[in-house]
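A.B. asks: starting from these lines, generate the structure:
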Amino acid sequence: MNYIKLNKQVISFLLIAVFLSVNNIFVFANEFNVIKSDDMIADTINTAINRNLVPESLQSDLTQEITRAEFSALIVKLYETLQGEIAGRIEFTDTDDINIEKAAYIGVVTGVGDNRFNPYEILPREQAAVILSRLTLIFELDIDIPEWVLEVIYDIESISPWALESVLKMYRLGAIATLYTIDEGAHITEYLETDLGVGFQIGEGFQFVIAPQQPITREQSILAVNLLYEVLNTIIE
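C.D. replies: Residues are numbered from 1 along each chain as shown. Reported below is the predicted structural model:
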């Protein structure tokens, strides 16, 4: 078994087909993955900044691990860009950060007990997935989880049970990128040239490592928020 650390960002690429029904919005994707070059990642970060999705304090040191407070600020930027200012607040005893209070009010973040939030705690990737998934629920975005998703995630058993559905949905959407690829007799069944990069369809033998307990970085968080902006903005329009 070969473990391949990817120097380029690997994200699930959506060929999005949005179908509207009376009460739900369904997003379907195929099994293509796209390797994004460093230049393309930089372009996406700049796009997110130009869309006013990234607070100035998070526009540097992009490989730095993100805190719960910082991720809350990103989520609030995304929500308010799409829906307008959040009027309500939920307060905590260990912080007066307005973004945390706003994010708690719309229900995408919660405290850690005793009315505390632990704003400076580093955010694990699976917790980020849960927060992102809660945001998609606000916009009634229904993300399907086909059986092949369960088969291609190598470290699925290391995902906490309470976070499993959210991680699978955000992987499916492409918001939580894989960090490693495991190649065991793998083959690629089809290539696809896209505006995002060179895509490949998953064949047998490929598995992807989510690393749910590892911290999520500022860069990974911004990429996730920018992707959600593009998907959710399509729904709103």
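
A.B. asks: which non-adjacent residue is nearest Leu173?
C.D. replies: Once flanking residues are discounted, Leu173 sits nearest to Ile143: 5.7 Å by Cβ to Cβ, 6 or more residues apart in numbering. Bear in mind the C-beta positions are built from the backbone N, C-alpha and C, glycine included.

A.B. asks: that neighbour contacts Lys169, doesn't it?
C.D. replies: Yes. If you go by Cβ atoms under 8 Å, Ile143 and Lys169 touch, sitting 4.4 Å apart.

A.B. asks: hmm, back to that, which residues touch the residue nearest to Leu173?
C.D. replies: For Ile143, the contacting residues are Val27, Thr136, Lys169, Arg172, Leu173, by Cβ atoms under 8 Å, 6 or more residues apart in numbering.

A.B. asks: likewise Ile45?
C.D. replies: Taking Cβ under 8 Å, 6+ apart as the contact definition, Ile45 lies against Val54, Leu62, Glu219, Ile222, Leu223, Asn226.

A.B. asks: let's have the residues you listed in TSV, adding pLDDT and neighbour count.
C.D. replies: Shown next, in TSV, are the contacts of Ile45 (pLDDT from 0 to 100; neighbours: other Cβ atoms under 10 Å):
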residue	pLDDT	neighbour count
Val54	96	24
Leu62	93	18
Glu219	94	20
Ile222	95	23
Leu223	94	23
Asn226	95	21
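
A.B. asks: spatially, which two of those residues are the most separated?
C.D. replies: Taking Cβ to Cβ, the two most distant members of the contacts of Ile45 are Leu62 and Asn226; they sit 12.8 Å apart.

A.B. asks: and the nearest residue to Glu65 once chain neighbours are set aside, what does it touch?
C.D. replies: Using Cβ to Cβ, 6+ apart and skipping residues adjacent in sequence, the residue nearest Glu65 is Pro215, 3.8 Å away. Listed by Cβ under 8 Å, 6+ apart, the contact set of Pro215 reads Glu65, Ile66, Ile122, Leu123, Pro124, Arg125.

A.B. asks: and the pLDDT for the first one?
C.D. replies: Glu65 carries a pLDDT score of 97 in this model.

A.B. asks: may I have the beta-bridge partners of it?
C.D. replies: Assessed by DSSP bridges, Glu65 has beta-bridge partners Thr217.
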